[in-house]
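Student: any chance you could fold what I've pasted below:
(chains A, B, C and D, ligands or ions: 6)
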Amino acid sequence: MDLSVRLPRGLTLKNPIIAASGTFGFGPEYARFVQVNRLGGISVKGISPEPWRGNPPPRVWETPSGLLNSIGLQNPGLTTFLEEDAPFLRTLDTVVIANIIGHTVEEYRTVAAGLQNEPAIHAFEVNISCPNIKAGGITFGHDPDAAYHVMRAVRSVTDKPVMVKVSPNMADPWTVAEAVVEGGADMISAINTVIGLAIDLKRRRPALGGTTGGLSGPAIKPIALRVVWEIAQRVSVPVIGMGGIQSAEDVLEFLMAGARAVMVGTITFQFPQRMEEIIDRLPLVLAHYGFRSLEEAVGAAWTSRTADGAEGGE
Amino acid sequence: MDLSVRLPRGLTLKNPIIAASGTFGFGPEYARFVQVNRLGGISVKGISPEPWRGNPPPRVWETPSGLLNSIGLQNPGLTTFLEEDAPFLRTLDTVVIANIIGHTVEEYRTVAAGLQNEPAIHAFEVNISCPNIKAGGITFGHDPDAAYHVMRAVRSVTDKPVMVKVSPNMADPWTVAEAVVEGGADMISAINTVIGLAIDLKRRRPALGGTTGGLSGPAIKPIALRVVWEIAQRVSVPVIGMGGIQSAEDVLEFLMAGARAVMVGTITFQFPQRMEEIIDRLPLVLAHYGFRSLEEAVGAAWTSRTADGAEGGE
Amino acid sequence: MAGAFKAPIVAALAVAPRHVELVIEHPELSMAAPGQFAHILTPGMLRRPVSFSRIDPQRGRAGLLVQVVGQGTAWLAERSPGEWLDVLAPLGRGFQAPDPARPWILVGGGVGIPPLYSAWERWGPQHRAPACAILGAREADGILMAGDFQGAGLLPVLATEDGSAGRRGTVVGPLEEWLARYPEAQVMACGPNGMLAQVSRVAAGATGPVQLAMEQRMGCGIGACLACVVPATPVGPEGPRYRRVCTDGPVFFREELAWSWI
Amino acid sequence: MAGAFKAPIVAALAVAPRHVELVIEHPELSMAAPGQFAHILTPGMLRRPVSFSRIDPQRGRAGLLVQVVGQGTAWLAERSPGEWLDVLAPLGRGFQAPDPARPWILVGGGVGIPPLYSAWERWGPQHRAPACAILGAREADGILMAGDFQGAGLLPVLATEDGSAGRRGTVVGPLEEWLARYPEAQVMACGPNGMLAQVSRVAAGATGPVQLAMEQRMGCGIGACLACVVPATPVGPEGPRYRRVCTDGPVFFREELAWSWI
Ligand SMILES: Cc1cc2nc3c(=O)[nH]c(=O)nc-3n(C[C@H](O)[C@H](O)[C@H](O)COP(=O)(O)OP(=O)(O)OC[C@H]3O[C@@H](n4cnc5c(N)ncnc54)[C@H](O)[C@@H]3O)c2cc1C
Ligand SMILES: Cc1cc2nc3c(=O)[nH]c(=O)nc-3n(C[C@H](O)[C@H](O)[C@H](O)COP(=O)(O)OP(=O)(O)OC[C@H]3O[C@@H](n4cnc5c(N)ncnc54)[C@H](O)[C@@H]3O)c2cc1C
Ligand SMILES: Cc1cc2nc3c(=O)[nH]c(=O)nc-3n(C[C@H](O)[C@H](O)[C@H](O)COP(=O)(O)O)c2cc1C
Ligand SMILES: Cc1cc2nc3c(=O)[nH]c(=O)nc-3n(C[C@H](O)[C@H](O)[C@H](O)COP(=O)(O)O)c2cc1C
Ligand code: FES
Ligand code: FES
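Tutor: Ligands and ions are numbered 1, 2, ... in the order given. Sure thing, here's the model as predicted:
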């Protein structure tokens, strides 16, 4: 079965499985365990104009079927990335997505501009869903207007395909998705982590050095599917889904909810080879559920009634 | 160890463990398995002025460490509640909280007024966090102004203690908490379920009859703790925490995050006697972590720095 | 009355491919009635409802015949005698006892057969009028407890869709024939919704009571959460009334169900 | 180089209350070096990092001495020979080999002792200058591998806080004495952060290299997620630089760490 995925601006994935940003470093780290070129793509750790030191440790904490993290987007900054990390990425034969971050609209523009001519980078993922980043007291990711302006700024400096990564921490995440599509986004990726907190009973304080953190892993899969479901039915651009994917069946859930491709994050820590296993099993799972192609599965669970965000829940 | 909890308007709980609304019916259902009078209290299923039929089945679906439900707030309505359910509740020797719901501000007022003179009811929990209920396209629970008006309407007809139950489906849940405190709320309960969705691969459609649903259970504990943590540090009224509690250790996490008492929901389906076991173990667990009283644990994980919702997460 | 208790498994038998029958023992099970169920703790987030396949009130024993369909039932199928199950039981409204003087038709499909066998085991000995058990499945392997019926004095009529056992086709053919012969018959049925809908339709003209045992995904299993509902009568302008399988059922009279909504 | 593989457990020994040593075997383990670790799959959401307590390059065997502190280590402690562990190994920057001609002080606390034993096992035989192992714990039960050191020709100095074995007090006393005698000594230490901070302070004046093996909660274990950081030098106006225990460490030279931030 042909697993390739055609995305806007000529971007084509070998298969719909992309390593999620922040869980796969800058590419070489997992190369000892994973055949990186078998993946549909990788999204690298968030890159800012200048180096960010990140949050104090502890930075991870386990929760039921989930993982809380507060890395705080530590990264070496644009210049070091170009000098030290881009050369390896250029050797890869798969799609490389630069996840970009900033404190201001200007910073997003700077990173995008700085990577526009870097051949290692095939697409951008604009991370506006990190609760660390603020604009006028509201994170970009929760404010459709601010998100629109970030996207416009990025669009003004690049003709590479751009996806914007949206936050699940709101009732109406589609408002942000619609705004960034308006601002020129070619795709939406969803979701980033869910804000959470854990208490370290022994130390009598928040478990994470950064106090709150981002929840990922299987626990958030239903939250992610809801966001993908609602956005994919409202925007015309492709949606890349993620959140808690562990298996080819999980991938199929995202496809049927409307995603064209997916990203896989936290499960890689437990099972570095899981993404390759999913790629191997996906054709079988698609066939098992009666699909003759990957495309056929996309949005296959949509019913005639449009999602209006008003159903279910107590 | 004295486990009693003093709350506003003379409301006193024997202990901080309350059965969560919607998971404990109207009291008699679990009475065969649970010594209801040992609990700190029970919050009954949401009550509306008229009967609500609820959503089509299937209404529950399992997810990793979580449960999706879309009951759709089926309930017999105020009149039937008073005639058929209140008599049993009057026989109980524990705090009974009426969870109230409505489509409009007026409906909330109607239910509160109708129960104001019912001796079975000791307090109200105003459920504005059900995604089924809309006011001008936005659920009451996500709009501080609308929430304020609901609270004012309820306050105008009752002098019983009132708590408002807030939604986790937003970046800044404290805005709603602050608004309802302004509107006269005596307490906040947090959290209601997180919006989620699952796909039934075999049937090629959303797993729940109501399409989206509410996620509960251990998976959402970190999400709940974050909301409790942020609200409890901002409002002066007591917070009743809930979301994924399975053990006395989990209860202690909520207390240390700032909750005065907790509610326990989904785990009761698996272990009807778990609430009583938690009540039995709570003094030992408090002592194990060095607390000499329940009070001492409340907010014990607060650091000098105020939560500003800006930390952690990628 | 029902209880929450741990009961030892006293027997475990592979009765067909991917089907296991466990027998558990506890005094509370003496109260179990045909059509009722146990809500069983498994490693998942929710308990799993399973009907009683047989009930021995003297010894406080009950059978649970489980088809492996997912994780919970796979876990149950791996259990061995000597292990304990954590159950809430007996739960729900079982079958109303049949009139011993009226013809009696039992219709079961797949894992819907076990509760019907428990009904026959309980009430068959006193039954004086003609009786018949019609057991259906897709293929021969899915026909459960045929030997038990036979051992208890009732040779069942079999129907398989592929013709690998008994008549080729569904249970509807034999049911129509029996109802034509005994229009006053009382009917008890359990099986997939599609089968029950057909039974309900075919038995619409019958004068005897028609009881149908339903399935639905459950939360609490004891009436508190309103998860396990099925569309029931009366149907208003906005739709049906929803009733709980766990406490209003699992057994409903056909008039109680809103079939056009199921 | 490191690999992802399943390795059989060839030995499992309860070495102290709540402490188990497992020995696993795999060709990749021939490459393991003292101070490196294995990242082990357990039922939790994350793997668990455990240092090598002994390494047999000929047979591709490595020991994992585990203290039970939570669910993951409890699960490890229940494993038996013949079972397999799913590991990523060997990982991290181990100890730099000691200068055989320079005095050598090994300081270990609790489960910090095993990696030091593996260092002694590897480099002790060639060591020509004076050497000493100072092993500390709260009480006698926490002193691990004292017999192994002795068997490998080094009688360790013991220190317990309650005086139940060796000297009463911490490892600091014996360390100060040794450093006074051999100010040019090289130091390797592993143990709780409090102990390492003290070692770092006491050894500040020493002229030899001081290597400290650190612990931190880990995600990937292989350098990709930036979870496992410790405050490191240089410390700027806004705080320290954060470096990864899993790949920049676990072993750091004392100058690399920003102790005032740990
Ligand atoms: C009153 C009643 C009596 C039953 N009696 C029997 C019986 O005697 N023998 C038997 O083999 N099966 C019986 N079932 C069906 C049985 O409960 C399901 O097959 C079982 O719950 C599936 O669990 P799983 O973990 O293996 O499957 P999964 O599909 O992994 O289960 C996921 C979830 O769906 C629920 N679920 C899945 N299928 C069904 C179903 N058909 N009905 C209700 N919930 C379901 C599970 O309880 C669980 O919550 C009965 C169901 C009901 C409601
Ligand atoms: C490089 C390194 C080497 C280690 N070597 C050993 C060793 O040789 N023997 C030994 O017994 N222990 C060692 N540890 C500590 C060991 O990893 C933890 O005790 C173990 O992960 C606890 O898991 P748990 O599930 O039992 O505890 P839990 O407290 O339930 O674990 C919860 C989470 O916290 C993490 N965690 C808990 N304690 C620690 C800790 N001290 N360090 C890092 N993460 C922790 C776990 O990995 C897990 O993700 C080492 C740690 C590191 C970083
Ligand atoms: C340790 C860690 C670091 C992350 N860093 C980033 C990041 O830098 N940029 C980003 O957009 N998302 C980041 N994420 C979010 C993931 O890319 C992904 O959206 C999320 O984890 C959900 O997917 P998962 O459940 O498969 O992990 C990070 C997640 C984790 C667990
Ligand atoms: C089946 C079900 C029904 C619920 N019904 C209500 C309700 O009527 N009113 C309400 O305020 N919350 C309702 N809730 C939410 C719970 O009271 C609680 O806020 C949530 O489940 C989180 O707690 P838990 O994880 O312990 O279940 C319901 C939850 C479940 C699982
Ligand atoms: S399963 Fe809860 S009411 Fe039936
Ligand atoms: S654990 Fe992921 S970088 Fe160290």
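Student: please report how far residue A:237 lies from residue A:189.
Tutor: Here residue A:237 is placed at a distance of 11 Å from residue A:189 (Cβ to Cβ, to the nearest Å). For glycine as for every other residue, the C-beta is placed from the backbone atoms N, C-alpha and C.
Student: give me the more crowded residue out of these two.
Tutor: Just comparing residue A:237 and residue A:189: by other Cβ atoms under 10 Å in any protein chain shown the higher neighbour count belongs to residue A:189, 30 against 18.
Student: could you tell me whether the more buried one really is in a strand?
Tutor: Yes - Residue A:189 sits within a strand when classified using DSSP: H, G, I helix; E, B strand; the rest coil.
Student: need the contact list for it.
Tutor: Going by Cβ atoms under 8 Å, 6 or more residues apart in numbering or on different chains, residue A:189 touches A:43, A:125, A:163-166, A:239-242, A:263.
Student: pLDDT value on it, please?
Tutor: We have a pLDDT of 98 for residue A:189.
Student: for the helix or strand where residue A:125 lies, which outside residues touch it?
Tutor: Using DSSP states H and E, residue A:125 sits within strand A:123-127. Strand A:123-127 is contacted by residues A:7, A:11, A:21, A:43, A:46, A:95-101, A:108, A:112, A:115, A:150-151, A:154, A:158, A:160-165, A:180, A:185, A:189, A:192, B:314 when judged by Cβ under 8 Å, 6+ apart.
Student: go again using 7 Å as the cut-off
Tutor: Defining contact as Cβ atoms under 7 Å, 6 or more residues apart in numbering or on different chains, one finds that strand A:123-127 is touched by A:11, A:21, A:43, A:46, A:95, A:97-101, A:108, A:112, A:150-151, A:154, A:158, A:160-165, A:189, A:192.
Student: what about these, which are in helices?
Tutor: The members of these that map onto helices under DSSP state H are A:108, A:112, A:150-151, A:154.
Student: closest to ligand 6 among the contacts of residue A:189?
Tutor: residue A:43 (16.3 Å; Cβ to the nearest ligand atom).
Student: gap between that closest one and ligand 3?
Tutor: Residue A:43 sits at a distance of 7 Å from ligand 3 (criterion: Cβ to the nearest ligand atom, to the nearest Å).
Student: burial measure for that residue, as a count.
Tutor: A count of nearby residues for residue A:43, using other Cβ under 10 Å, gives 28.
Student: need the contact list for it.
Tutor: The contact partners of residue A:43, taken as Cβ under 7 Å, 6+ apart, are A:18-21, A:97, A:99, A:125, A:263.
Student: go again with 6 Å.
Tutor: Residue A:43 sits next to A:21, A:97, A:99, A:125 when contact means Cβ atoms under 6 Å, 6 or more residues apart in numbering or on different chains.
Student: what are the ranges of the helices in chain A?
Tutor: For chain A, the helices defined by DSSP H occupy A:78-80, A:86-90, A:105-115, A:144-155, A:174-182, A:221-232, A:248-257, A:267-270, A:274-288, A:294-297.
Student: so for ligand 1, which of those helices sits nearest?
Tutor: When those are compared by Cβ to the nearest ligand atom, helix A:248-257 sits nearest ligand 1, at 11.6 Å.
Student: ligand 6 contacts on the stretch 51-200 of chain A?
Tutor: The stretch 51-200 of chain A has no residues near ligand 6, with proximity defined as Cβ under 6 Å from any ligand atom.
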